[in-house]
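1. Generate a structure from the sequence data that follows.
(2 chains)
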There are 2 protein chains.
Amino acid sequence: MQRPFNFSAGPAALPEEVLSQVAAEMLNWHGSGMSVMEMSHRGPEFTSICETAEQDLRDLLQVPANFRILFMQGGGLAENAIVPMNLSSGGAVDMVVTGSWSTKSADEAKRYADVAIAASGDSSKFTRIPDPSTWALRKNAAYVHVCSNETIDGVEFHALPDLKALGCDAPLVIDCSSHQLSRGIDWAKVGLAFGGAQKNIGPAGLTLVFVRDDLLGRALPVCPSAFNYKTVAAAQSMYNTPPTFSIYVAGLVFQWLKQFNYAGKTGVAAIEQRNIDKANLLYGALDQSNLFENRVAADCRSRMNIPFYLRGDYNTPELNAAFLTGAKARNLLQLKGHKSVGGMRASIYNAMPLEGVQALVAYLKDFEAQHG
Amino acid sequence: MQRPFNFSAGPAALPEEVLSQVAAEMLNWHGSGMSVMEMSHRGPEFTSICETAEQDLRDLLQVPANFRILFMQGGGLAENAIVPMNLSSGGAVDMVVTGSWSTKSADEAKRYADVAIAASGDSSKFTRIPDPSTWALRKNAAYVHVCSNETIDGVEFHALPDLKALGCDAPLVIDCSSHQLSRGIDWAKVGLAFGGAQKNIGPAGLTLVFVRDDLLGRALPVCPSAFNYKTVAAAQSMYNTPPTFSIYVAGLVFQWLKQFNYAGKTGVAAIEQRNIDKANLLYGALDQSNLFENRVAADCRSRMNIPFYLRGDYNTPELNAAFLTGAKARNLLQLKGHKSVGGMRASIYNAMPLEGVQALVAYLKDFEAQHG
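-> Below you'll find the model as predicted:
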C-alpha cells in the first residue's frame, strides 16, 4: 500500500526503506542483542555506527579535511546562541535578514555580540534576497550570518555569497537547516554551517555543525562546555551523551542517499536533480494557476519549502480549509502554512518522491476546476 | 528467546514491550499514515503524544501543580550550565560534591556563579555522602545543588536533605539523571530536579526538568532563549523543536510503568520495591563474596549503579578481562566499569528484570568457584 505523501515542514517525511530498517533492527541491532537506544555511547557497537555516519556524511557533502563535523543538540534555535558564543568574541557580527529564521538569529545574537543588519528583504516582504553587492559589511565583523533557506518564507540562496569577492575577510556562517543535503555546499565560501536534522536527515533533537578548524577555540567564557565547539570536537561529539538513536537514523539516511540514483546520477547530485525537477513541477503548476500563487521572486524560490496561497478574493478561511480537508482525503498530509503567514506550504524534502509532487499538482488542478 | 541482560549505565536497557510497540508503530502511528519521527511537533497527533506523556509523568511522580515539567535537550552536562544560568543570578551557589557528576556540576557552575563546596565526600573516596548536618551552607545561597545518585561512584541519597530544617531557605536542586523514576521524589524538599532520559526513561537526547513556578524568570541575560526555563515553560516545551521521537518513547515507558505490578503494588511504588529487591540481592552476593567487593558505605549505596571490584591480589587486568568475557558469553552485557575507576559496574535500572540480577549473581558465584 502506498504511504500517504507527507508535506510537513519538519519533523518531516523519511525514506520508507529507512523506517522499515529501523523497525526491523529495533530489538536486536546486528546480532548485538540490544536496540541502538540501549547501547552505551562509548561501546564498540555505537562507536562504529557514529563513525560510519560521520564518514558517510563527509563523503556525501565532500566536506574538506579542515572542517570538523559535530553532532550536537538543541536545533537551529539553540545554535542562534551557540554560534555567537563560539565565534563572535563579543565583537561585531553582520547578519543578513531574509525571513523569519534569520530574524530570530539576529535577535538572539544580540545577547552576545554587536549585531548589525547588513541587508534585509523586509521591504519585499521577504520575497526576494537582497543582492550581496548591496550588503553593508563591516571590516571588523567576526562573521557574517545568512539563512541559506528560509523554511517559512520559502526563499533560498541558489549560490552562496562570495564574501572575499565583496572585500570581506570574515567567515560566512550559514544556517542550512531546511535544505542541508538537498544539494552540495561550496565549502570554499563557508566557515561554519549548521542545521537541525529534522528536515532532510533524521529525527528532531540532532543538530549538525560543520566548523572550519581555525574557528575553534574562540568561545566566550559564558559558553557552556557542552556547546563549546572546541570541547565537542575534541571529544568527537561525545563530551555529553549524544542523541545516539537520532545519529543512527541519520546514518541510515546517509546510506540511503549514497545509493540513491536518479537521472543517471548518484548520491547528492541525484537528489539535487530530483529536487530541481520536483520544484519546477510544483512552481510551474502554481504559476499557471488562476487560483493559486507563490509570491517569491523566481530566482530566490526555495526547492524545499513552497508556500502558496489562494489568489485575491479566493483567499477565504473557508476555501483554505476546504483545500486542506480535500488534501487529507487524498492522503496529502500536513500542507497547512505556518501560522505566522497562513495559506499552504508544501515542504518537498529529499524523502518526498516525484510521485508525491505529481499527486499534489493533480489535486491543485482538480481543486481549481471545482472552485476556480 | 530471552533477550540478553543489558547492564549499561546509559543509554540503557528499555522494556522489551516498549521496543516492540515502537517497532510495530514505526511506519504508521495509530492510522495517521506517519511515523512519529515524521510528524510536525505542532500537529494534533504529536500534541496528543506529548500532552499524554507529560500528564502520565506528572501522575507517576505525583508532581505538584506548582511545578512545571519541561522537555529539553543536552542532558545533565548541559544542565550543569543551564541551571546556574537560570537560577544563580550570578550570586552564591552551594554545591555538595559526592562523586564524579557533582564534581563536574561544580566546575561548570563556576562560569556563572560564586560557587562554594558545602561538603565533599572526597576524603572517603566518594564511598560515603557527608551528613547534611555537617554541610557549610551560606545564608545568601541562590540554591544548593546535590547529585542524588552518582552513576560512576554508586552512591545515592536515600532521603533528600531537608534544607529548611538545616536553617537554609535556599531551594534544593537535584541532579537525578540516573535514578529518576526509580523511586518517588519528596517534592516538598525540592526546588528543581533535572535528569537525562537515557537511564530509566528513553533515548538519549531528551532531558527532563521539573521546576517550581517561583524559580522561573531569573535567568541571566547570557542564557540562550532555548534554555531559558521561563521561555521553554511558556511555550510548553515547544520553543524550539523538541526531540519528538524521544518524547514518544518516554511516553510509552511511562505507560508501561503505570501498569507495572510487583509485590502487590503498582506504578512507581512497584518499581521501587523491585529495585530494592534487586539491589539487596546483588549487594548481598557481593558482601558474601571473597572475590568481589563493593566499597560504598551501606547506607549510601545506589540501587541503580553498583560498581564492584575484584578484591586485593585478585584485581588483575587479566582476571577483570576474563570476568567480562565470561559475562558476555552468558548474555550479561555492558558490565565494564567506568574508565575513570575501572573494575565492573552493574547498572540495574527499572527495565532490568529480577531475573537479570539473579543471572548475574549466579555468574558471580560460578566465577568465584572457578577463580577464587
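2. packing partners for the top helix by length along chain A?
-> Taking DSSP state H as the criterion, chain A has its longest helix at helix A:268-288. Under the contact definition 3 or more C-beta pairs under 8 Å, 6 or more residues apart in numbering or on different chains; DSSP states H and E, helix A:268-288 sits against strand A:261-262, strand A:292-293, strand A:305-310, helix A:354-371. The C-beta positions use only the backbone N, C-alpha and C, and glycine is treated the same way.
3. what do you get if the cut-off is 6 Å, keeping everything else the same?
-> Identification of packing neighbours for helix A:268-288 by 3 or more C-beta pairs under 6 Å, 6 or more residues apart in numbering or on different chains; DSSP states H and E yields strand A:261-262, helix A:354-371.
4. Could you identify which of those is most buried?
-> helix A:354-371 (a mean of 17; mean count of other C-beta atoms under 10 Å in any protein chain shown).
5. Any chance you could give me that helix in PDB, C-alpha atoms only?
-> The C-alpha trace of helix A:354-371 is given here as PDB (Å, rounded to 0.1, in the frame of the first residue of the first chain):
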ATOM      1  CA  LEU A 354       8.300  12.800  -7.500                       C
ATOM      2  CA  GLU A 355       5.000  11.000  -7.300                       C
ATOM      3  CA  GLY A 356       4.100  13.000  -4.200                       C
ATOM      4  CA  VAL A 357       4.500  16.300  -6.100                       C
ATOM      5  CA  GLN A 358       2.600  14.900  -9.100                       C
ATOM      6  CA  ALA A 359      -0.200  13.900  -6.800                       C
ATOM      7  CA  LEU A 360      -0.300  17.400  -5.300                       C
ATOM      8  CA  VAL A 361      -0.200  19.100  -8.700                       C
ATOM      9  CA  ALA A 362      -3.100  16.900  -9.800                       C
ATOM     10  CA  TYR A 363      -5.000  17.900  -6.700                       C
ATOM     11  CA  LEU A 364      -4.300  21.600  -7.400                       C
ATOM     12  CA  LYS A 365      -5.800  21.300 -10.900                       C
ATOM     13  CA  ASP A 366      -8.800  19.300  -9.700                       C
ATOM     14  CA  PHE A 367      -9.400  21.800  -6.900                       C
ATOM     15  CA  GLU A 368      -9.200  24.700  -9.400                       C
ATOM     16  CA  ALA A 369     -11.600  23.100 -11.800                       C
ATOM     17  CA  GLN A 370     -14.100  22.700  -9.000                       C
ATOM     18  CA  HIS A 371     -13.600  26.100  -7.200                       C
END
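6. between it and strand A:305-310, how many degrees?
-> 10 degrees (axes from the mean of the first three to the mean of the last three C-alpha atoms, to 10 degrees).
7. can you put the helices and strands packed on helix A:268-288 in TSV and add mean pLDDT?
-> Output for these, formatted as TSV (pLDDT from 0 to 100):
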stretch	mean pLDDT
strand A:261-262	98
helix A:354-371	98
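8. follow-up on the earlier one: other residues contacting the longest helix of chain A?
-> With contact meaning C-beta atoms under 6 Å, 6 or more residues apart in numbering or on different chains, helix A:268-288 is reached by A:60, A:182-184, A:260-263, A:265, A:292, A:294, A:303, A:306, A:308, A:348, A:350, A:354, A:357, A:361, A:364.
9. Buried among those residues? Make that a PyMOL selection.
-> Buried residues within those, by 16 or more other C-beta atoms under 10 Å in any protein chain shown, are selected in PyMOL with:
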select buried, chain A and resi 60+182+183+260+262+292+294+303+306+308+348+350+357+361+364
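10. how about A:Glu150, what does it touch?
-> Contacts for A:Glu150 (C-beta under 6 Å, 6+ apart) come out as A:98-99, A:101.
11. A:Gly356 now?
-> Contacts of A:Gly356 were listed using C-beta under 6 Å, 6+ apart, and they are A:Phe5.
12. Can you pull the domain assignment for chain A?
-> Following automatic domain parsing, one gets these domains for chain A: A:17-258, A:261-371.
13. For chain A, which residues score under the pLDDT cut-off?
-> A:1 (pLDDT under 70).
14. and it, which residues reach chain B?
-> Within chain A, the positions near chain B by C-beta under 6 Å from any C-beta of the partner chain are A:4, A:6, A:8, A:11, A:13-14, A:19, A:22-23, A:26-27, A:33-35, A:37-40, A:73-75, A:77-78, A:81, A:108, A:198, A:203-205, A:222, A:224-226, A:240-241, A:243-246, A:334.
15. Among the residues you listed, which lie within strands?
-> Counting by DSSP state E, the part of these found in strands is A:Asn6.
16. picking that back up, need the winner for burial among the domains of chain A.
-> Comparing the domains of chain A by mean count of other C-beta under 10 Å gives domain A:17-258 as most buried, with a mean of 21.
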